[in-house]
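1. Need coordinates for the below:
(4 chains)
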Protein chains: 4
Amino acid sequence: MEYAFKLDFKVRDYECDIQGIVNNGVYQNYLEHARHEYLLASGVDFAALARNKINLVVVRAELDYKTPLQSGDEFWVGLNTRQSSKVRFEFLQDIYRRADNRLVMKAKIIGTSINERGRPFLPEEIAGLFGAD
Amino acid sequence: MEYAFKLDFKVRDYECDIQGIVNNGVYQNYLEHARHEYLLASGVDFAALARNKINLVVVRAELDYKTPLQSGDEFWVGLNTRQSSKVRFEFLQDIYRRADNRLVMKAKIIGTSINERGRPFLPEEIAGLFGAD
Amino acid sequence: MEYAFKLDFKVRDYECDIQGIVNNGVYQNYLEHARHEYLLASGVDFAALARNKINLVVVRAELDYKTPLQSGDEFWVGLNTRQSSKVRFEFLQDIYRRADNRLVMKAKIIGTSINERGRPFLPEEIAGLFGAD
Amino acid sequence: MEYAFKLDFKVRDYECDIQGIVNNGVYQNYLEHARHEYLLASGVDFAALARNKINLVVVRAELDYKTPLQSGDEFWVGLNTRQSSKVRFEFLQDIYRRADNRLVMKAKIIGTSINERGRPFLPEEIAGLFGAD
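-> As a prediction, this is how the structure comes out:
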């Protein structure tokens, strides 16, 4: 599998819960950080957009949990993108454990971009990024 | 819509991010807490099970984000359950903002129960809960 | 001990870590939420101030951990305030476990208020609150 | 200033709050992760100890917030240790922003080690680490 972008991580102990594995909600943090780093590397700054009242928001997330991460695990997030409609874009994100390249999670995150009044608004740099025509 | 269980919440400011709205990953915290309170009220103690090496885990999550929650918002999570296979159970969870009863999120969380060796293992109290026959 | 403000909480399982107790960093979340609810009840809205580029920030925190909270524990945060200088105010915050009124944490949080340029700036409603003269 | 251990980080957007800066509670996460990585590099595995019912816990934290971290900031945590009593050890931890080496936080974290019954218990590998004699 080829990815447009990859980012390395290591599990931090505070991310693990009573079961001794990474809490199910924490994976969305990993995925978000990978998306934002990808966007930043592509010239789109989530925080700067937010300061200008343009919000990139998640409208749907589908997360398949395959193998739980544990304390000490190193892993990486691979990411591809796809324009799914005029104002919606998809991030296809997979997480792999480094030690054995085992699949940890498959995720599809659908996002959009809205302005101050909550209306769809696609900044030029994002439109370019997702190859809208 | 009727729910088997409801739980009240209020947004805490540390749950909001740069955009001034609740971070997309935090909703899974809300959903998990509602599930665990429902389970506890039904005689299933997530933490006690974990101490006995029986782990209730999420295998798939589908989250539709409808309206963002903001600082100060009160909201509630409604929950229904459904047995989807011999060893899988579904939580259908909706979040509503209290002020205007607006739908905030629709979620389907599919879980299973595994033992120390990662094998499916359904404790009696859970089987009873989801009406397996 | 008398408190100017009290707020009830219940531990959520995602707040507990590998040790099965609330992670040490989570207590600051509890303390912050109690401060913000106290401020809100006193007419000071942290989020509204932030939107107007006035930031209430912590400059020093002293936290004494007395008894760890666990899954299922109900507890409350008691709070008193004190003006410690022209632009600094203190929150004296104690956490008690409900079941046995055992002291969980003693904390002193020193805060200040700054404007967009990072300079001390005390809005009138806060000055009033802390009894500056 | 010399440090026995250093660890590099980068702010993740989900760690920032409404004010657009890293939430005050998140710094304890950074500090904890740096401590655990230091311990691991020194042969002490926090998670493995927890599985054996030996808990390293924080008994006091003193945190001085000097400069807020923001979205995109790279930073590092420097750490020194000191044995403060037979069963207590101190971590002196400073955080610096990479871009300008500005001091972000000075922290003193006092910890101890307890067994299953909550009694002080210092495993050999920790005693060795902090130079108790």
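2. tell me how far the lowest-mean-pLDDT helix or strand in chain A is from the chain's mean position?
-> Lowest by mean pLDDT, DSSP states H and E among the helices and strands of chain A is helix A:124-129, with a mean of 82. Relative to its parent chain, helix A:124-129 has a centroid offset of 17 Å by CA atoms, centre = their mean, to the nearest Å.
3. That helix near chain B anywhere?
-> No: Helix A:124-129 does not reach chain B (CB under 8 Å from any CB of the partner chain); its nearest approach is 15.3 Å. Just so you know, the C-beta spots here come from the backbone N, C-alpha and C atoms, and that holds for glycine as well.
4. Repeat that for stretch A:91-103.
-> No: contact of stretch A:91-103 with chain B (CB under 8 Å from any CB) is absent, the minimum separation being 12.0 Å.
5. Go through that stretch and flag the buried ones.
-> By 16 or more other CB atoms under 10 Å in any protein chain shown, the buried positions in stretch A:91-103 come out as A:91-97.
6. mind giving me TSV with the residues you listed and columns for secondary structure and distance to A:His33?
-> TSV is the format used below for the buried residues of stretch A:91-103 (DSSP: H, G, I helix; E, B strand; the rest coil; distance: CB to CB, whole Å):
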residue	secondary structure	distance to A:His33
A:Phe91	strand	12
A:Leu92	strand	16
A:Gln93	strand	11
A:Asp94	strand	15
A:Ile95	strand	12
A:Tyr96	strand	16
A:Arg97	strand	17
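7. circling back: which strands or helices does the least confident helix or strand of chain A pack on?
-> Using 3 or more CB pairs under 8 Å, 6 or more residues apart in numbering or on different chains; DSSP states H and E as the contact test, no helix or strand touches helix A:124-129.
8. Give me the contact list for that helix.
-> Applying CB atoms under 8 Å, 6 or more residues apart in numbering or on different chains, the contact partners of helix A:124-129 are A:39, A:42-44, A:56, A:81, A:89, A:113.
9. Also stretch A:37-56?
-> By CB under 8 Å, 6+ apart, stretch A:37-56 touches A:4-5, A:7, A:36, A:79, A:81, A:111-116, A:121, A:123, A:125-126, A:129, B:18-19, B:21, D:13, D:16, D:20, D:70-72.
10. low-confidence ranges in chain A?
-> The model of chain A has pLDDT under 70 over residues A:131-133.
11. swap the cut-off to 90 and go again
-> Along chain A, the model assigns pLDDT under 90 to residues A:1, A:83-87, A:116-118, A:120-133.
12. So which residues of it form helices?
-> Using DSSP state H, the helices of chain A run over residues A:26-41, A:46-51, A:124-129.
13. In strands, which of the contacts of helix A:124-129 appear?
-> Here DSSP state E is the test, and the contacts of helix A:124-129 give A:56, A:81, A:89, A:113 as lying in strands.
14. Columns neighbour count on top of those residues, output as JSON lines?
-> JSON lines is the format used below for those (neighbours: other CB atoms under 10 Å in any protein chain shown):
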{"residue": "A:Leu56", "neighbour count": "19"}
{"residue": "A:Thr81", "neighbour count": "21"}
{"residue": "A:Phe89", "neighbour count": "22"}
{"residue": "A:Ser113", "neighbour count": "20"}
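15. List just the nearest of the residues you listed to chain B.
-> Closest approach to chain B among the ones in strands among the contacts of helix A:124-129 (CB to the nearest CB): A:Leu56, at 8.4 Å.
16. which residues sit in contact with the nearest residue to that closest one once chain neighbours are set aside?
-> The shortest distance from A:Leu56 to any residue other than its chain neighbours is 5.3 Å, reached at A:Ser113 (CB to CB, 6 or more residues apart in numbering or on different chains). With contacts defined as CB under 8 Å, 6+ apart, A:Ser113 is in contact with A:49, A:54-57, A:87, A:120-123, A:126.
17. Could you tell me which of those count as buried?
-> Among the contacts of A:Ser113, those classed as buried by 16+ other CB under 10 Å are A:49, A:54-56, A:87, A:121-122, A:126.
18. what residues are up against the residue of chain A most remote from its centre?
-> Most distant from the centre of chain A: A:Ile18, at 25.3 Å, with distances by CA atoms, centre = their mean. By CB under 8 Å, 6+ apart, A:Ile18 lies in contact with B:46-47, B:50-51, C:13, C:16-18, C:20, C:71.
19. now, among the residues you listed, which is nearest to D:Lys106?
-> Comparing the contacts of A:Ile18 against D:Lys106 with CB to CB places C:Asp17 closest, at 24.7 Å.
20. Surely the closest one and A:Arg12 touch.
-> No: contact between C:Asp17 and A:Arg12 fails when scored by CB atoms under 8 Å: they sit 10.3 Å apart.
21. which of these two has more neighbours?
-> Counted by other CB atoms under 10 Å in any protein chain shown, C:Asp17 and A:Arg12 do not tie: C:Asp17 has more neighbours, with 25 against 19.
22. count of neighbours near the closest residue to the more buried one other than its chain neighbours?
-> Nearest residue to C:Asp17, sequence neighbours excluded (CB to CB, 6+ apart): C:Asn23, at 4.2 Å. Close neighbours of C:Asn23, defined as other CB under 10 Å, add up to 23.
23. pretty sure C:Asn23 is touching A:Tyr14, no?
-> Yes: C:Asn23 is in contact with A:Tyr14 according to CB under 8 Å; the separation is 5.2 Å.
24. Need the overlap of contacts for those two.
-> Common contact partners of C:Asn23 and A:Tyr14 (CB under 8 Å, 6+ apart): C:17, D:32.
25. picking that back up, mind checking the helices of chain A for the one nearest to C:Leu63?
-> Proximity to C:Leu63, assessed across the helices of chain A by CB to CB, is greatest for helix A:26-41 (23.4 Å).
26. Please list all residues in contact with the residue lying closest to A:Lys10 once chain neighbours are set aside.
-> Once flanking residues are discounted, A:Lys10 sits nearest to A:Glu74: 4.9 Å by CB to CB, 6+ apart. By CB under 8 Å, 6+ apart, A:Glu74 lies in contact with A:8-11, A:97-99.
27. Just give me the closest of those residues to A:Lys106.
-> The closest of those to A:Lys106 turns out to be A:Arg97 (CB to CB; 13.4 Å).
28. Enumerate the residues of chain A near chain D.
-> By the rule CB under 8 Å from any CB, the part of chain A lying against chain D is A:12-14, A:16, A:20, A:29, A:32-33, A:36, A:40, A:45-47, A:50-51, A:70-72.
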